[in-house]
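1. need coordinates for the following:
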Amino acid sequence: MTLRFSILASGSTGNAFYIESEQEKLLVDAGLSGKKIDQLLQEVQVDPDSLTGILVTHEHSDHIKGLGIIARKYNLPIYANEKTWHAMEGSIGKLSLDQKFHFGMEQVKTFGDIDIESFGVSHDAAEPMFYTFRQGGKKVSLVTDLGYVSERIKKTVEDSDAYIFEANHDVGMLRMGRYPWSVKRRILGDSGHVSNEDCGLALSDIISNRTKRIYLAHLSLDNNMKDLARMSVEGVLKERGIELDVYDTDPKAATPMYEVV
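-> As a prediction, this is how the structure comes out:
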């Protein structure tokens, strides 16, 4: 059994995640142009025609910009919760009824040979939720766009083989940066984004001996840097006695396909 994934793009300018098994080829979010998503899939040797569905986390444009285009072009089913459907319907154009599917929060749905669990996060969207993917004892968790990591989320995603986890900003850079205070307050608040340090603290509570990969995701272009995020998170983990390599993601380039073993 195989479970492989690539973070096609991650950051404040656009997000898309790809995961595949022997039976399924799924996108989570499509926050870039349809043309760019096609290009990123081809970068990791995936034929966009072979996709089997798209899962949506929430309606912000950096997660749904190309959603309607990709769904129409490849006649794909889209899965989202009811409030997200209502919030994004005006932004994604016309879809046929047989492309619209409901995936409620705190549910487990089986897609071929993958069990996918949705969980709610604290973010300023209609009803934002993210996902864990399980197959034959393997587990991958996608956790971004949240103001804080609750105990309930930790319980859901703990003990994963791989994490794609938000390290959005360095608090010092954000406080000193050019954003208006209202935006800074939003990012720092409970419905905003997780900082580098809070990412490290959350990960140190949930990773286990089986955890092999951590990818830092959704980095702010203005208030973070890859090296800084990596050093900050690795530093927090080391303080807690955890030695684990941390990997970058990029807003414009896909990560190499990684197989969970």
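2. can we go C-alpha only for contacts and neighbour counts from here?
-> OK.
3. poorly predicted segments of the stretch 151-261 of the chain, please.
-> Within the stretch 151-261 of the chain, no stretch has pLDDT under 70.
4. count the residues that sit near the closest residue to Gln42 other than its chain neighbours.
-> Leaving aside its chain neighbours, Gln42 sits nearest to Pro48 (7.6 Å; criterion: CA to CA, 6 or more residues apart in numbering). Close neighbours of Pro48, defined as other CA atoms under 10 Å, add up to 18.
5. okay but Pro48 is in contact with Gln39, surely?
-> No: counting by CA atoms under 8 Å, Pro48 does not reach Gln39; the two are 9.1 Å apart.
6. identify the residues contacting stretch 153-161?
-> 119-121, 132, 138-141, 202, 205-213, 260 (CA atoms under 8 Å, 6 or more residues apart in numbering).
7. got the CA positions of that stretch in CSV?
-> What follows is stretch 153-161, C-alpha atoms only, in CSV (Å, rounded to 0.1, in the frame of the first residue of the first chain):
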residue,chain,number,x,y,z
ILE,A,153,-6.7,19.2,17.7
LYS,A,154,-3.6,17.8,19.3
LYS,A,155,-5.5,14.6,20.2
THR,A,156,-6.7,14.3,16.6
VAL,A,157,-3.3,14.7,14.9
GLU,A,158,-1.0,13.2,17.5
ASP,A,159,1.3,10.3,16.5
SER,A,160,1.3,11.1,12.8
ASP,A,161,4.1,9.8,10.4
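8. got the buried residues for that stretch?
-> Neighbour-count burial for stretch 153-161 flags 153, 156-161 (criterion: 16 or more other CA atoms under 10 Å).
9. next: stretch 65-83.
-> Here stretch 65-83 shows 65-72, 75-81 as buried, counting by 16+ other CA under 10 Å.
10. do stretch 237-246 as well
-> Buried-residue list, stretch 237-246, by 16+ other CA under 10 Å: 237, 242, 246.
11. hey, where'd the helices end up in the protein?
-> Per DSSP state H, the chain carries helices over the ranges 34-43, 61-64, 67-73, 82-88, 151-157, 171-176, 181-188, 196-206, 226-239.
12. what is the shortest one packed up against?
-> Contacting helix 61-64 under the criterion 3 or more CA pairs under 8 Å, 6 or more residues apart in numbering; DSSP states H and E is no other helix or strand.
13. could I get the average pLDDT for that helix?
-> If you average the pLDDT over helix 61-64, you get 98.
14. what are the contacting residues of it?
-> 12-16, 29-32, 56-58, 92.
15. most neighbours, which of those residues?
-> In terms of neighbour count, Ala30 stands highest of those at 31 neighbours, by other CA under 10 Å.
16. quick one: pLDDT of that one?
-> Ala30 carries a pLDDT value of 98.
17. and it, what is it in contact with?
-> Here Ala30 is in contact with 14-16, 37, 62-67, 70 (CA under 8 Å, 6+ apart).
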